[in-house]
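Q: I need the structure of the sequence given here:
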Amino acid sequence: MELRHLRYFVTIAEEQSFRRAAARLHVSQSPLSRQMKDLEEEMGVELFAPEGRGIKLTAAGKSFAERARSILASVDAAVDEAKGIAEGRLGTVVIGFETGTTFMGSFLSLVAAFRRRTPRVGLQLVPMSSLEQWTALRQGTITFGYGAYAPEDDALAHLEMTRDRLGLLLSPEHRLARRKKVRLRDLESERVLLQPRQLYPRLHADIITAARAQGVTLRVTAEVLDLEALMALVVIGDAVTFVSERFWELASQTSLLWRPVEDLHIDLSEVVTWRAEDGGAPAVRALIESAREVSPLLQHARDHARVPKAAKQKRTERATPP
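A: Next up, the predicted model:
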């Protein structure tokens, strides 16, 4: 028994006529009648009975018709689902993201842009560090990564979304609050809070190395995972921490202050990462296009590129005689 036999049978049942069914199916009536006869012999039951110039379904035929419709509907749904997944319209994508980026930075804008492109695709968001994302991407357990660092692996492709200078976050009551700029040596006696080293090993190393290059040993008194707890300790003036200027702008409602550190030349980035071999997959391609759409760095580049073009046009207009 083949699926086409079921489709033929359901059409005949709906039309109650071999002639009308053959016309609807664009096949000859004689082969259609033979296939239904073969189907009855295979099943060992009579599905049709003559009625006037047409036919009607037997009790067995009515029961089989209901089941056949259900089977065909399930097959059609399975085919549509498979096509939808292949075309990136259905299915689920798993995105690994750095903690702290869900409400700070461009992560939510990326997710919203992707949702507009693929409204029927499911999203699963999993918090993990950049290092964990790279491992998960290689293993195929996530589709996309959103982290703070670019991978150094040819198997992984990436796009830098933002880049911001790292500076000092402190309370308005802190002794350094009156200064517009600070230097690393000003922090030597300060209690410094950082997020866990295992989550941000490179950032830890960069900060410590930069301080030592200036002959300064930072007093890292605690590593705090929860951002709210970390900021609460800074608010009460118990300690200071390092964040990007963009983070501070988004969190400025806390009344905390941000100061550039003159001799701390560290930038923080937000980077999306994916398996290079998956770049052509519809869902991944939609994620990449969404990232390009909302990337502040690319938007700045586009705006910058438009200015010279407009200026050139004005110069041309001025040079053209009336």
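Q: can you give me the strands in the stretch 201-322 of the chain?
A: Secondary structure of the stretch 201-322 of the chain (DSSP state E, counting those that start in this stretch): strands located at 219-223, 240-244, 257-260, 267-275.
Q: from the ones you listed, which stretch is densest packed?
A: Ranked by mean neighbour count, these are led by strand 240-244 with a mean of 23 (mean count of other Cβ atoms under 10 Å). To be clear about C-beta, it is placed using only N, CA and C from the backbone, and glycine gets the same treatment.
Q: got a list of contacts for it?
A: 164-170, 174, 176, 187, 190-194, 207, 230-231, 234, 251, 258, 261, 264, 268 (Cβ atoms under 8 Å, 6 or more residues apart in numbering).
Q: go ahead and build a PyMOL selection from the buried members of these.
A: Selection of buried members from these for PyMOL, criterion 16 or more other Cβ atoms under 10 Å:
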select buried, resi 164+166+167+168+169+170+174+176+187+190+191+192+193+194+207+230+231+234+251+258+261+264+268
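Q: now intersect the contacts of strand 240-244 with the helices, please.
A: Members of the contacts of strand 240-244 lying in helices (criterion: DSSP state H): Ile207, Leu230, Met231, Val234.
Q: among the residues you listed, which pair sits farthest apart?
A: Farthest pair in the ones in helices among the contacts of strand 240-244 (Cβ to Cβ) is Ile207 and Met231. Separation: 17.7 Å.
Q: which parts of the longest helix along the chain are buried?
A: Longest helix in the chain, counting residues (DSSP H): helix 59-86. Within helix 59-86, the residues scored as buried using 16+ other Cβ under 10 Å are Gly61, Phe64, Ala65, Ala68, Gly84.
Q: what's the answer for stretch 197-207, then?
A: By 16+ other Cβ under 10 Å, the buried positions in stretch 197-207 come out as Leu199, Tyr200, Leu203, His204, Asp206, Ile207.
Q: run through the residues that contact the third one.
A: Looking back up the chat, that one is Leu203. Contacts of Leu203 by Cβ under 8 Å, 6+ apart are Ala148, Leu194, Ile266, Leu268.
Q: with the second one instead?
A: Under the criterion of Cβ under 8 Å, 6+ apart, the neighbours of Tyr200 are Ser129, Ala148, Leu194.
Q: could I get the pLDDT score of it?
A: Listed pLDDT for Tyr200 reads 76.
Q: ok, the contacts of Leu203 vs Arg212, which is closest?
A: Using Cβ to Cβ, Ile266 comes nearest to Arg212 of the contacts of Leu203, at 13.5 Å.
Q: number of nearby residues for the closest one?
A: 15 (other Cβ atoms under 10 Å).
Q: nearest spatial neighbour of it, chain-adjacent residues omitted?
A: Leu166 (4.3 Å; Cβ to Cβ, 6 or more residues apart in numbering).
Q: what about the helices in this protein?
A: Using DSSP H, the helices assigned to the chain run over residues 3-15, 18-25, 29-43, 59-86, 107-117, 130-139, 201-213, 227-235, 245-250, 282-294, 296-319.
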